[in-house]
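*Asks:* Fold the following for me, if possible:
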Amino acid sequence: MTPSLHSGGPLVLFEDVHLTLASPAGPVNILSGVSLAVEPGETVAVIGPSGSGKSSLLMVMAGLERASQGRVRVAGEDLGRLDEDSLARLRRRRIGIVFQSFHLIPTMTALENVAMPLELAGNRDAFGRAEEGLAAVGLEGRLAHYPGQLSGGEQQRVAIARAFVAGPDLLLADEPTGNLDAATGRLVIDCLFAERARHGTTLILVTHDSSLAERCAREIRLSDGRIVEDCRAATGKAGAR
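*Replies:* Below is the predicted model of the structure:
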(Lines give C-alpha, C1' and ligand atoms only; values in the text may rest on other atoms or scores of the structure.)
Protein backbone atom coordinates (compact mmCIF):
# COMPACT_ATOMS: atom_id res chain seq x y z
CA MET A 1 0.00 0.00 0.00
CA THR A 2 1.24 3.49 -0.84
CA PRO A 3 2.37 5.30 2.33
CA SER A 4 -0.11 8.01 3.27
CA LEU A 5 1.02 11.61 3.12
CA HIS A 6 -1.89 12.62 5.32
CA SER A 7 -1.21 13.04 9.00
CA GLY A 8 -3.44 14.40 11.73
CA GLY A 9 -6.99 15.73 11.61
CA PRO A 10 -9.93 14.65 9.45
CA LEU A 11 -9.21 13.02 6.12
CA VAL A 12 -12.16 14.89 4.59
CA LEU A 13 -13.29 18.29 5.83
CA PHE A 14 -16.18 20.35 4.42
CA GLU A 15 -16.77 23.80 5.87
CA ASP A 16 -20.02 25.50 4.78
CA VAL A 17 -19.76 24.08 1.26
CA HIS A 18 -22.17 25.24 -1.43
CA LEU A 19 -22.45 23.99 -5.00
CA THR A 20 -24.50 25.97 -7.50
CA LEU A 21 -24.74 24.83 -11.12
CA ALA A 22 -26.12 26.62 -14.15
CA SER A 23 -29.23 25.29 -15.90
CA PRO A 24 -31.49 26.57 -18.70
CA ALA A 25 -33.91 27.71 -16.00
CA GLY A 26 -31.19 29.55 -14.08
CA PRO A 27 -28.81 28.66 -11.21
CA VAL A 28 -29.62 25.51 -9.25
CA ASN A 29 -28.44 25.06 -5.67
CA ILE A 30 -27.16 21.48 -5.39
CA LEU A 31 -25.38 21.68 -2.01
CA SER A 32 -26.34 24.30 0.55
CA GLY A 33 -24.00 24.85 3.48
CA VAL A 34 -22.66 21.32 3.99
CA SER A 35 -20.19 20.93 6.85
CA LEU A 36 -18.76 17.56 7.86
CA ALA A 37 -15.56 15.84 8.93
CA VAL A 38 -14.62 12.26 8.10
CA GLU A 39 -11.79 10.67 10.05
CA PRO A 40 -9.25 8.22 8.59
CA GLY A 41 -10.59 4.66 8.45
CA GLU A 42 -14.28 5.55 8.79
CA THR A 43 -16.98 3.83 6.74
CA VAL A 44 -19.70 6.34 5.87
CA ALA A 45 -22.96 5.80 3.96
CA VAL A 46 -24.53 8.83 2.29
CA ILE A 47 -28.26 8.33 1.88
CA GLY A 48 -31.26 10.39 0.86
CA PRO A 49 -33.82 10.76 -1.94
CA SER A 50 -32.90 11.23 -5.60
CA GLY A 51 -31.82 14.79 -6.26
CA SER A 52 -30.73 15.40 -2.67
CA GLY A 53 -27.09 16.02 -3.69
CA LYS A 54 -25.50 12.68 -2.78
CA SER A 55 -23.53 12.13 -5.99
CA SER A 56 -22.61 15.81 -6.17
CA LEU A 57 -21.15 15.56 -2.67
CA LEU A 58 -18.82 12.81 -3.90
CA MET A 59 -17.96 14.80 -7.02
CA VAL A 60 -16.85 17.74 -4.87
CA MET A 61 -14.83 15.42 -2.60
CA ALA A 62 -13.07 14.02 -5.67
CA GLY A 63 -12.33 17.47 -7.07
CA LEU A 64 -14.45 16.68 -10.14
CA GLU A 65 -16.74 19.59 -9.26
CA ARG A 66 -15.48 22.74 -7.60
CA ALA A 67 -17.39 24.11 -4.62
CA SER A 68 -19.06 27.43 -5.38
CA GLN A 69 -18.47 28.55 -1.80
CA GLY A 70 -16.85 27.17 1.34
CA ARG A 71 -13.75 25.11 1.98
CA VAL A 72 -12.97 21.52 1.03
CA ARG A 73 -9.89 19.68 2.33
CA VAL A 74 -9.03 16.10 1.39
CA ALA A 75 -5.90 14.26 2.58
CA GLY A 76 -4.45 17.53 3.85
CA GLU A 77 -5.01 19.40 0.57
CA ASP A 78 -7.22 22.46 0.15
CA LEU A 79 -9.00 21.58 -3.11
CA GLY A 80 -9.87 25.20 -3.79
CA ARG A 81 -6.16 26.01 -4.10
CA LEU A 82 -5.33 23.22 -6.57
CA ASP A 83 -5.31 23.56 -10.36
CA GLU A 84 -6.70 20.78 -12.56
CA ASP A 85 -3.36 19.00 -12.93
CA SER A 86 -2.83 19.00 -9.16
CA LEU A 87 -6.36 17.68 -8.61
CA ALA A 88 -5.69 14.88 -11.10
CA ARG A 89 -2.48 13.94 -9.24
CA LEU A 90 -4.34 13.94 -5.92
CA ARG A 91 -6.99 11.62 -7.32
CA ARG A 92 -4.40 9.32 -8.83
CA ARG A 93 -2.41 8.99 -5.60
CA ARG A 94 -4.94 9.41 -2.78
CA ILE A 95 -8.53 8.86 -4.02
CA GLY A 96 -10.15 5.77 -5.52
CA ILE A 97 -13.55 6.03 -7.20
CA VAL A 98 -16.09 3.32 -8.03
CA PHE A 99 -19.06 4.42 -10.13
CA GLN A 100 -22.43 2.79 -10.79
CA SER A 101 -21.38 2.45 -14.44
CA PHE A 102 -18.12 0.59 -14.42
CA HIS A 103 -16.11 3.06 -16.57
CA LEU A 104 -13.74 0.39 -17.84
CA ILE A 105 -11.90 1.00 -21.11
CA PRO A 106 -13.44 -1.53 -23.52
CA THR A 107 -10.30 -1.98 -25.65
CA MET A 108 -8.15 -2.89 -22.62
CA THR A 109 -8.06 -6.20 -20.76
CA ALA A 110 -8.96 -6.44 -17.10
CA LEU A 111 -5.26 -6.45 -16.25
CA GLU A 112 -4.58 -3.38 -18.41
CA ASN A 113 -7.55 -1.50 -16.91
CA VAL A 114 -6.29 -2.08 -13.38
CA ALA A 115 -2.66 -1.35 -14.24
CA MET A 116 -3.48 1.93 -16.02
CA PRO A 117 -3.50 4.28 -12.98
CA LEU A 118 -0.19 2.81 -11.80
CA GLU A 119 1.32 3.21 -15.27
CA LEU A 120 0.21 6.84 -15.33
CA ALA A 121 1.94 7.30 -11.98
CA GLY A 122 5.16 5.80 -13.38
CA ASN A 123 5.04 2.64 -11.27
CA ARG A 124 7.49 0.07 -12.65
CA ASP A 125 5.55 -2.87 -11.21
CA ALA A 126 2.16 -1.73 -12.50
CA PHE A 127 1.19 -5.09 -14.01
CA GLY A 128 2.44 -7.13 -11.07
CA ARG A 129 0.41 -5.06 -8.63
CA ALA A 130 -2.60 -5.11 -10.96
CA GLU A 131 -2.43 -8.91 -11.07
CA GLU A 132 -2.35 -9.01 -7.25
CA GLY A 133 -5.32 -6.62 -7.11
CA LEU A 134 -7.40 -8.78 -9.46
CA ALA A 135 -6.52 -11.90 -7.50
CA ALA A 136 -7.72 -10.17 -4.33
CA VAL A 137 -11.19 -9.71 -5.87
CA GLY A 138 -11.31 -13.29 -7.19
CA LEU A 139 -10.52 -12.54 -10.83
CA GLU A 140 -7.10 -14.13 -11.22
CA GLY A 141 -8.57 -16.23 -14.06
CA ARG A 142 -9.89 -13.20 -15.97
CA LEU A 143 -6.71 -11.14 -16.47
CA ALA A 144 -6.78 -11.28 -20.28
CA HIS A 145 -10.53 -10.80 -20.66
CA TYR A 146 -11.95 -7.58 -22.09
CA PRO A 147 -14.87 -5.83 -20.36
CA GLY A 148 -17.29 -7.10 -23.01
CA GLN A 149 -16.31 -10.67 -22.08
CA LEU A 150 -17.09 -10.13 -18.39
CA SER A 151 -20.38 -10.15 -16.51
CA GLY A 152 -21.59 -6.96 -14.83
CA GLY A 153 -20.45 -8.20 -11.43
CA GLU A 154 -17.03 -9.10 -12.79
CA GLN A 155 -16.70 -5.69 -14.42
CA GLN A 156 -17.49 -3.99 -11.13
CA ARG A 157 -14.92 -6.14 -9.34
CA VAL A 158 -12.35 -5.02 -11.92
CA ALA A 159 -13.37 -1.44 -11.15
CA ILE A 160 -12.93 -2.13 -7.42
CA ALA A 161 -9.47 -3.60 -8.01
CA ARG A 162 -8.54 -0.54 -10.08
CA ALA A 163 -9.82 1.83 -7.38
CA PHE A 164 -7.74 0.14 -4.65
CA VAL A 165 -4.58 -0.69 -6.61
CA ALA A 166 -2.71 2.51 -5.70
CA GLY A 167 -3.56 2.16 -1.99
CA PRO A 168 -5.74 5.28 -1.73
CA ASP A 169 -6.50 7.04 1.54
CA LEU A 170 -10.10 7.58 0.43
CA LEU A 171 -12.47 5.39 -1.58
CA LEU A 172 -15.60 7.02 -3.00
CA ALA A 173 -18.33 4.64 -4.21
CA ASP A 174 -21.40 5.99 -6.00
CA GLU A 175 -24.23 3.43 -6.09
CA PRO A 176 -21.76 0.61 -6.85
CA THR A 177 -24.52 -2.02 -7.07
CA GLY A 178 -27.01 0.13 -8.98
CA ASN A 179 -26.59 -1.82 -12.25
CA LEU A 180 -26.46 -5.28 -10.66
CA ASP A 181 -29.02 -7.83 -9.52
CA ALA A 182 -29.36 -8.41 -5.78
CA ALA A 183 -27.22 -11.56 -5.54
CA THR A 184 -24.41 -10.12 -7.67
CA GLY A 185 -24.64 -6.85 -5.76
CA ARG A 186 -24.07 -8.65 -2.45
CA LEU A 187 -20.99 -10.37 -3.87
CA VAL A 188 -19.59 -7.07 -5.13
CA ILE A 189 -20.22 -5.32 -1.81
CA ASP A 190 -18.59 -8.15 0.14
CA CYS A 191 -15.61 -7.67 -2.16
CA LEU A 192 -15.63 -3.89 -1.65
CA PHE A 193 -15.71 -4.14 2.14
CA ALA A 194 -13.06 -6.86 2.18
CA GLU A 195 -10.70 -4.67 0.14
CA ARG A 196 -11.48 -1.66 2.31
CA ALA A 197 -10.55 -3.65 5.40
CA ARG A 198 -7.40 -5.06 3.78
CA HIS A 199 -6.13 -1.59 2.85
CA GLY A 200 -7.52 0.30 5.87
CA THR A 201 -9.12 2.77 3.47
CA THR A 202 -11.69 5.39 4.42
CA LEU A 203 -14.92 4.55 2.57
CA ILE A 204 -17.68 6.99 1.64
CA LEU A 205 -20.54 5.18 -0.05
CA VAL A 206 -23.61 6.68 -1.77
CA THR A 207 -26.52 4.24 -1.80
CA HIS A 208 -30.30 3.93 -1.91
CA ASP A 209 -30.04 0.48 -0.30
CA SER A 210 -30.71 0.66 3.45
CA SER A 211 -29.20 -2.79 4.10
CA LEU A 212 -26.01 -1.66 2.38
CA ALA A 213 -25.96 1.60 4.34
CA GLU A 214 -26.24 -0.40 7.55
CA ARG A 215 -22.89 -2.06 6.83
CA CYS A 216 -21.22 1.31 7.37
CA ALA A 217 -20.37 2.62 10.82
CA ARG A 218 -21.87 6.04 10.09
CA GLU A 219 -24.85 7.25 8.07
CA ILE A 220 -25.29 10.77 6.70
CA ARG A 221 -28.70 11.68 5.30
CA LEU A 222 -29.04 14.47 2.76
CA SER A 223 -32.18 16.33 1.78
CA ASP A 224 -32.29 19.28 -0.61
CA GLY A 225 -28.52 19.63 -0.52
CA ARG A 226 -28.25 19.76 3.27
CA ILE A 227 -27.23 17.24 5.93
CA VAL A 228 -30.35 16.52 7.95
CA GLU A 229 -29.03 13.55 9.95
CA ASP A 230 -25.57 12.31 10.87
CA CYS A 231 -25.48 9.25 13.11
CA ARG A 232 -22.87 6.71 14.11
CA ALA A 233 -23.64 3.04 14.63
CA ALA A 234 -23.25 1.24 17.90
CA THR A 235 -19.98 -0.66 18.27
CA GLY A 236 -20.10 -4.03 16.60
CA LYS A 237 -22.02 -3.12 13.45
CA ALA A 238 -20.91 -5.09 10.41
CA GLY A 239 -19.27 -2.18 8.63
CA ALA A 240 -17.20 -1.31 11.68
CA ARG A 241 -15.27 -4.57 11.58
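*Asks:* Show me what the residue nearest the centre of the chain is bridged to.
*Replies:* By C-alpha atoms, centre = their mean, the chain has its centre lying nearest to Leu172, at 1.2 Å. Beta-bridge pairing for Leu172 (DSSP bridges): Ile97, Ile204.
*Asks:* Contact partners for it?
*Replies:* 58, 61-62, 95-98, 204 (C-beta atoms under 8 Å, 6 or more residues apart in numbering). Yep, even glycine has a C-beta here, placed from its N, CA and C like the rest.
*Asks:* Now render the residues you listed as a markdown table, adding distance to Asp125, neighbour count and pLDDT.
*Replies:* Below are the contacts of Leu172 laid out as a markdown table (distance: C-beta to C-beta, whole Å; neighbours: other C-beta atoms under 10 Å; pLDDT from 0 to 100):
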| residue | distance to Asp125 | neighbour count | pLDDT |
| --- | --- | --- | --- |
| Leu58 | 30 | 21 | 96 |
| Met61 | 29 | 22 | 97 |
| Ala62 | 26 | 20 | 96 |
| Ile95 | 21 | 23 | 95 |
| Gly96 | 18 | 28 | 94 |
| Ile97 | 22 | 20 | 94 |
| Val98 | 23 | 22 | 94 |
| Ile204 | 28 | 25 | 97 |
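*Asks:* what's the closest of the residues you listed to Asp224?
*Replies:* Closest approach to Asp224 among the contacts of Leu172 (C-beta to C-beta): Leu58, at 17.2 Å.
*Asks:* Not counting sequence-adjacent ones, nearest residue to that closest one?
*Replies:* Leu172 (4.8 Å; C-beta to C-beta, 6 or more residues apart in numbering).
*Asks:* Per-residue pLDDT of the one you found, please?
*Replies:* Leu172 is assigned 97 on the pLDDT scale.
*Asks:* can you tell me the average pLDDT over whichever strand or helix holds Arg157?
*Replies:* Assigned by DSSP states H and E, Arg157 falls within helix 152-164. For helix 152-164, the mean per-residue pLDDT is 95.
*Asks:* circling back: need the contacts of Leu172 in TSV with distance to Gly48, can you?
*Replies:* As requested, the contacts of Leu172 are arranged in TSV below (distance: C-beta to C-beta, whole Å):
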residue	distance to Gly48
Leu58	12
Met61	16
Ala62	18
Ile95	22
Gly96	23
Ile97	20
Val98	19
Ile204	14
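*Asks:* Can you tell me how far the residue nearest to Leu58 is from Leu143?
*Replies:* 26 Å (C-beta to C-beta, to the nearest Å).
*Asks:* can you check Arg215 too?
*Replies:* The value you get for Arg215 to Leu143, if C-beta to C-beta is used, is 29 Å.
*Asks:* Name the residue in the two with the higher neighbour count.
*Replies:* Arg215 (22 against 17; other C-beta atoms under 10 Å).
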